[in-house]
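[1] Return a 3D structure for these sequence lines:
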Amino acid sequence: MDAERGPILARLQTHRFGTIAGAVGFASQIPVFLVAPIGGIIADRANRKHVVIATQTASMLLAFVLAGLTLSGKIQVCISSCWLRCWAW
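    All right, here's what the predicted structure looks like:
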């Protein structure tokens, strides 16, 4: 369980919102279910070195964008943390 979602789900479960907590947990896995087959096809067909370089470059660019937005004051740290967790899978 992610560090950001842990306290939220714990609070929902103590207030008898187990269905909502389950829906949040399930919804967080939807992107994985949709993207995993495509990622598997790419990983099987492409050169392993090129796949690693591409994913690391994408992670670096995402980190630079988030750092720039946070330092410029366009978004707050908590929003950038949630956005990063959504893309980190």
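[2] C-alpha only now, for contacts and for neighbours.
    Noted.
[3] What mean pLDDT does the lengthiest helix in the chain get?
    In the chain, taking DSSP state H as the definition, the longest helix is helix 48-72. Helix 48-72 comes out with an average pLDDT of 88.
[4] Please spell out which residues along that helix are buried.
    Using 16 or more other CA atoms under 10 Å as the burial criterion, the residues of helix 48-72 that qualify are Val51, Leu66, Thr70.
[5] I'd like the distance between Arg33 and Phe26.
    Careful, residue 33 is Phe and not Arg. Per CA to CA, to the nearest Å, Phe33 is found 10 Å from Phe26.
[6] my bad, Leu61
    Distance, Leu61 to Phe26, using CA to CA: 28 Å.
[7] And Leu62, by the same measure?
    Leu62 is 25 Å from Phe26, by CA to CA.
[8] With Ile53 instead?
    31 Å.
[9] before we move on, what about Thr19?
    Distance from Thr19 to Phe26, by CA to CA: 10 Å.
[10] repeat for Val32
    11 Å.
[11] Can I get stretch 23-34 as PDB, trimmed to CA atoms?
    Taking Å, rounded to 0.1, in the frame of the first residue of the first chain, the C-alpha atoms of stretch 23-34 are listed here in PDB:
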ATOM      1  CA  ALA A  23     -13.300   0.900  -4.500                       C
ATOM      2  CA  VAL A  24     -10.300   3.200  -4.000                       C
ATOM      3  CA  GLY A  25      -7.900   0.200  -3.800                       C
ATOM      4  CA  PHE A  26      -9.500  -1.400  -6.900                       C
ATOM      5  CA  ALA A  27      -9.500   1.900  -8.900                       C
ATOM      6  CA  SER A  28      -5.800   2.400  -8.200                       C
ATOM      7  CA  GLN A  29      -5.000  -0.800 -10.000                       C
ATOM      8  CA  ILE A  30      -7.000   0.000 -13.200                       C
ATOM      9  CA  PRO A  31      -4.100   1.700 -14.900                       C
ATOM     10  CA  VAL A  32      -1.900  -1.300 -14.200                       C
ATOM     11  CA  PHE A  33      -4.500  -3.700 -15.800                       C
ATOM     12  CA  LEU A  34      -4.800  -1.500 -18.900                       C
END
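[12] I am finished for the moment; much appreciated.
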